[in-house]
Every structure is written in structure tokens, then in C-alpha cells.
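1. Take a look and give me a structure for this.
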Amino acid sequence: MNRTAIAALAALPALASPAAAELELSFYMGVQNVQDSSISGTLPGGAPTGGNVDWKGNPFDAPFYYGGRAMWWLDNDLGFGIEGTHTKAYMDTGDAAALGLARFELSDGHNIITANVMKRWPGAFSGHDNFMPYIGGGLGVAIPHVDAQVTGGSVRTYDYEYTGIALRGIAGMKYAINEDWALFGEYQFTWSDNDITVDPDPAVAGQTPGKLSTDITTHAVNFGVSYSF
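-> This next block holds a predicted model:
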């Protein structure tokens, strides 16, 4: 067998092996709040409404704020994956009353689901290889659970709705416990464009649904654990 054949045979395992990659699953909780925003639209029946809204995040009220993601990391330390976050947004009761609402909450989840791209930097800190910074972003959708009721109305809107596009930004630091497990802390924001439907009263003949539009921006400091394999 000549040297060329030997070299070709030696190269076969490398050609057959896929590029080094790693699947990382992460779960987190944290402290989350919501920026004030403006809201506009109509109540059921068509009456116009609108104004500035003070939102609360209440991350430690049940159901708690939490999130999780799955990332497929390539050997160039770029990652691609999906993330879901159970953010929350409670409208101030005074602001709700001024809009003609007895209640308005996205509290069973202002759920944000995005496809993410991330970048990490192993060995960024000389002599502290357990620490690794990362950043990322995502594009996806908002699927909140709308809990709303018009002042004096008998009907309560209480259902999941697809309300618009969503964006996510992430910057964090991971600490490796071993080759599989790690802890992390991160800052994260989400932004979403929401067109929300408020159900009409079926007892009122011909009443049209209400339509409310608002941007919702959340800020969070997350702490979590990840497992890689």
C-alpha cells in the first residue's frame, strides 16, 4: 500500500465525524419588571380608549416568572436554539379604570418565544477558565394569556392570544461546575408589539370585540442552571 492510500485511509474517520457540537439546556428564574407604555384602541362596542399605563411585573407572585432555552453550540462557539420566557405584566388598577377596564393582566404569562443566535467566549479570562461570558438575541412571537374585563361588564376575556412579534436580548456570565453542569447569571430584555382582543358581551346584540394595542418591554436579571451534553 503506498503512502497516498495510507493517508487517505487515515483521513476517513475525520471525514466521517461531524463537527464538534454541544446541546445545552438552561432553566432560570429571576427578578423582572415592565416599562411603562402607552395603549390605544377601542373597547367592545367601539368606544375609543387610550392613555399611558404603569405596568408591574410581580415576578414572585404565582405563577412565578421563569424561562428556559435549548442551544446547539457549534465548534466556533456560535449557538442556535429556541427560548421561551413566562414574563408577566399587570396593569395598574387606576390606569385600567381610566381606560374603562375593571382589570387587565397578562399574568398567566406574557409568554415570549424566540429563535435565538448566541455567541460565547471560552477562556476569556486568563487563569479563570470556569468563567465564560456570552451574548445573544432572538426573534419570535408574543403569546400572552389575556385576563381582561370591561368596567361594568359581565364577560371576562380569559384566554391565550397571539398578539405580535417579539425581540429578545441577552448578556450574561456562566460558571462551569464541571464539564456538564454550570450556573449562570444574565441580564435579559424582551420587547413585543401587541394587538390584543377583548371579548364582546354576547348578551349585547352585534357588539364588536375590543382591540387594544401596546408595546411591552421587560427587563430581568436571571439566575439559572444549565446542563450540556
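2. Run through the chain and note the low-pLDDT ranges.
-> 1-20 (pLDDT under 70).
3. Would you map the helices across it?
-> Ranges of helices within the chain are 3-16, 93-99, based on DSSP state H.
4. List the contacts of Val150.
-> Leu43, Pro44, Gly100, Leu101, Ala102, Val198, Asp201, Gly210 (C-beta atoms under 8 Å, 6 or more residues apart in numbering). No exception for glycine: its C-beta is placed from N, CA and C like everyone else's.
5. Export the residues you listed as CSV, with columns for distance to Gly67 and neighbour count.
-> Formatted as CSV, those follow (distance: C-beta to C-beta, whole Å; neighbours: other C-beta atoms under 10 Å):
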residue, distance to Gly67, neighbour count
Leu43, 33, 22
Pro44, 33, 22
Gly100, 33, 17
Leu101, 28, 22
Ala102, 30, 14
Val198, 27, 23
Asp201, 36, 13
Gly210, 30, 24
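6. Among the residues you listed, name the ones in strands.
-> Counting by DSSP state E, the contacts of Val150 place Leu101, Ala102, Val198, Gly210 in strands.
7. nearest to Gly68, of these?
-> Distances from Gly68 to the ones in strands among the contacts of Val150, taken as C-beta to C-beta, are shortest for Val198 (30.2 Å).
8. which residues touch the nearest residue to Lys211 once chain neighbours are set aside?
-> Among residues not flanking Lys211 along the chain, Gly41 sits closest, at 4.6 Å (C-beta to C-beta, 6 or more residues apart in numbering). For Gly41, the contacting residues are Pro48, Thr49, Gly50, Ile196, Gly210, Lys211, Leu212, Ser213, by C-beta under 8 Å, 6+ apart.
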